[in-house]
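Engineer: Fold the following, please.
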Amino acid sequence: MGSEAHKFVLMICGDYVEDYETYSELRGHYFVLTASFDDIDASMYDGLVVPGGRAPEYLALNESVLKLVKQFSDSNKPIASICHGQLILAGAGILKEKTCTAYPAVKPVIVAAGAVWKDPEPISTCFVDGNLITGAAWPGHPEFISLFVKALGVKVTGSDKRILFLCGDFMEDYEVMVPFQALQALGCSVDAVCPGKNIGDNCPTAIHDFEGDQTYSEKLGHNFSLNANFEDVMVENYDALVIPGGRAPEYLALNEKVLSIVKQFEEKKKLIASICHGQQILAAADILKGKRCTAYPAVKLNVLLSGGEWLEPEPITTCFRDGNLVTAAAWPAHPQFISQIMESLGIKVSF
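Structural biologist: Numbers count the residues shown, from 1 in each chain. Model prediction:
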C-alpha cells in the first residue's frame, strides 16, 4: 500500500543470493532480513525486486514464492529481476511473450518459458517490457535501479553533480560499489580513480563483515573497475569526494598526491564523504581538527590524534555531518550515508 510520501518495495531473498547481485563464486557478506516471509501481504507493496545468485535455483521451486510473484504480476506492479532471478519469474509463468534478458546461462529456461530473449550486450544492459525490468548481472545495477525507480513513479532532481571516488586495492567491497552505483543510478557522473592505475584497470576489494568476532572478518571481494585516471584529476571539476574504507586507506594515507586532493576539497569546502577506515586518509591530510566525526571504532585513535572530535557510532548504522564533512563507521550505515550525500548536494527524490 503506497503513499505519496513513501514507496514500499519487497525483495525476495534466499541463501546464496548474489552478494550485490563463466563467474567465480566466493562467500560474500551476510544479509540481514527485515521482514518475515509468512507475514508478507503483496497489497502492502509497490514493487518487487528479485536478486540473482544461487538462491533462485531453489526459490523457483517454492510454491509460496511463485504465488507471491504472480500476485505482483497480476496487479501490474513493477517487478525488477536480475541475473538468475528470472528463474523465479519463469517458474511463476509470467514471462510468456515478455521481452527480457538474464545471465546468459539462464537463456534456455527463459526461452522455454515463452519469453522473447534479448542478449545482454554489454553485460550491463537492462530491458523494460511493461511492468517487468530485467538485467543480466550486477554491473548493470545503475541502469537497473534507475529503471525500477522510474517505474515506481519516482522523480530525481539536482543530480547533475560530478563526484570523485578515491580508490585503492582491497578497499571494502560494499563501501565502494554500493554508493558508486547508487549515485550513478540517481544520474550523477561518478569517476573512480586509484594512484598508479588507469581507466579499465581493476582494484581487488575486501569483504569486511560482522560475524560475532571481536573485530570484522575479511574475505576476498569483487574486482572493481576504474573509470578514470588518477593523474587527470582536477578538483575544480568535481562537486564531492567519496572515500571508501577497507584496507586501501592504510596505504593511500601515505600518498602525498592523495592527501593534496583531499586538502583541496577541504579548502574549497566541497563535500567530503568518508566511511569506515577512509578517515585514516582525512587524519593524514590534517583536515579533521575541530571536526565532529565518526569512523570504524579501530580508527578512533587516528581521529583523536589529528584533533577531531570523536562521535561514537552507536549503532553502527549511525552517520554524522559537520559542515562539508559526512562520516560513517561501516557499510551498514549506507542508507544514512548515501542520504546525507544526496542532501548535501541538493539531490532530491519525490513521488
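Engineer: My reading is that residue 299 lies in a strand. Confirm?
Structural biologist: No: in this structure, residue 299 is helix, not part of a strand, as judged by DSSP: H, G, I helix; E, B strand; the rest coil.
Engineer: give me the low-pLDDT residue ranges for the stretch 1-150 of the chain?
Structural biologist: Along the stretch 1-150 of the chain, segments meeting pLDDT under 70 span 1-5, 17-25.
Engineer: Do you have the helices of it handy? List them.
Structural biologist: Using DSSP state H, counting those that start in this stretch, the helices found in the stretch 1-150 of the chain span residues 55-59, 63-74, 86-91, 107-112, 141-151.
Engineer: most tightly surrounded among the ones you listed?
Structural biologist: For the helices of the stretch 1-150 of the chain, the largest average neighbour count (mean count of other Cβ atoms under 10 Å) is found in helix 86-91, namely a mean of 26. C-betas here are computed from N, CA, C, even on glycine.
Engineer: Quick one: neighbours of residue 297, just the number.
Structural biologist: Here the number of neighbours of residue 297 (other Cβ atoms under 10 Å) works out to 15.
Engineer: pLDDT wise, what is it at?
Structural biologist: Note on residue 297: pLDDT of 95.
Engineer: Tell me if I'm right that it and residue 313 touch.
Structural biologist: Yes: using Cβ atoms under 8 Å, residue 297 is in contact with residue 313, at 7.0 Å.
Engineer: any shared contact partners between those two?
Structural biologist: Jointly contacting residue 297 and residue 313 under the rule Cβ atoms under 8 Å, 6 or more residues apart in numbering are residue 329.
Engineer: re the thing from before, export the helices of the stretch 1-150 of the chain to CSV and append columns for distance to residue 176.
Structural biologist: Listed next are those as CSV, based on distance: least, Cβ to Cβ, whole Å:
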stretch, distance to residue 176
helix 55-59, 24
helix 63-74, 32
helix 86-91, 27
helix 107-112, 31
helix 141-151, 13
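Engineer: And the ones you listed: which comes nearest residue 45?
Structural biologist: Closest approach to residue 45 among the helices of the stretch 1-150 of the chain is made by helix 63-74 (7.6 Å; Cβ to Cβ).
Engineer: which strands and helices sit next to the closest one?
Structural biologist: If contacts are counted by 3 or more Cβ pairs under 8 Å, 6 or more residues apart in numbering; DSSP states H and E, helix 63-74 sits against strand 47-50, strand 79-82, helix 86-91.
Engineer: neighbours of residue 315, just the number please.
Structural biologist: Neighbours of residue 315 (other Cβ under 10 Å): 9.
Engineer: I meant to write residue 99 there.
Structural biologist: Look at residue 99: counted by other Cβ under 10 Å, it has 15 neighbours.
Engineer: residues touching it, list them.
Structural biologist: With Cβ under 8 Å, 6+ apart, residue 99 has these contacts: 115-116, 118, 127, 129.
Engineer: Looking at those, spot the one nearest residue 146.
Structural biologist: Nearest to residue 146 among the contacts of residue 99 is residue 127, at 13.2 Å by Cβ to Cβ.
Engineer: Quick check: bridge partners of the closest one?
Structural biologist: Beta-bridge partners recorded for residue 127 (DSSP bridges): residue 134.
Engineer: filter the contacts of residue 99 to the buried ones?
Structural biologist: Applying 16 or more other Cβ atoms under 10 Å to these, the neighbour count classes 115, 118, 127 as buried.
Engineer: my guess is the first one meets residue 98, correct?
Structural biologist: If I follow you right, that is residue 115. Yes: applying Cβ under 8 Å as the test, residue 115 and residue 98 come out as touching, 5.1 Å apart.
Engineer: State the number of residues packed around residue 179.
Structural biologist: Burial of residue 179 is recorded as 22 neighbouring residues (other Cβ under 10 Å).
Engineer: what separates it from residue 69, distance-wise?
Structural biologist: The gap separating residue 179 from residue 69 is 30 Å, by Cβ to Cβ, to the nearest Å.
Engineer: likewise residue 156?
Structural biologist: Residue 156 is 27 Å from residue 69, by Cβ to Cβ.
Engineer: Now do the strands in the stretch 251-351 of the chain.
Structural biologist: Along the stretch 251-351 of the chain, counting by DSSP state E, counting those that start in this stretch, strands occupy 271-275, 292-293, 309-310, 319-322, 325-328, 348-350.
Engineer: Deepest in the core, which of these is it.
Structural biologist: strand 325-328 (a mean of 28).
Engineer: Sheet-wise, list the partners of that strand with their directions.
Structural biologist: Using DSSP bridges, the strands paired with strand 325-328 are strand 271-275 (parallel), strand 319-322 (antiparallel).
Engineer: what distance separates the start and the end of stretch 214-229?
Structural biologist: Stretch 214-229 has an end-to-end distance of 38 Å (criterion: Cα to Cα, to the nearest Å).
Engineer: So for that stretch, mean pLDDT?
Structural biologist: Averaging pLDDT along stretch 214-229 gives 92.
Engineer: in it, what's buried?
Structural biologist: For stretch 214-229, the neighbour count (16+ other Cβ under 10 Å) marks 216, 221-222, 224, 226, 228 as buried.
Engineer: now what about it, what contacts it?
Structural biologist: With Cβ under 8 Å, 6+ apart as the test, stretch 214-229 has contacts from 19-20, 26-28, 138, 167, 171-173, 176-177, 180, 190-194, 197-211, 296, 298, 330.
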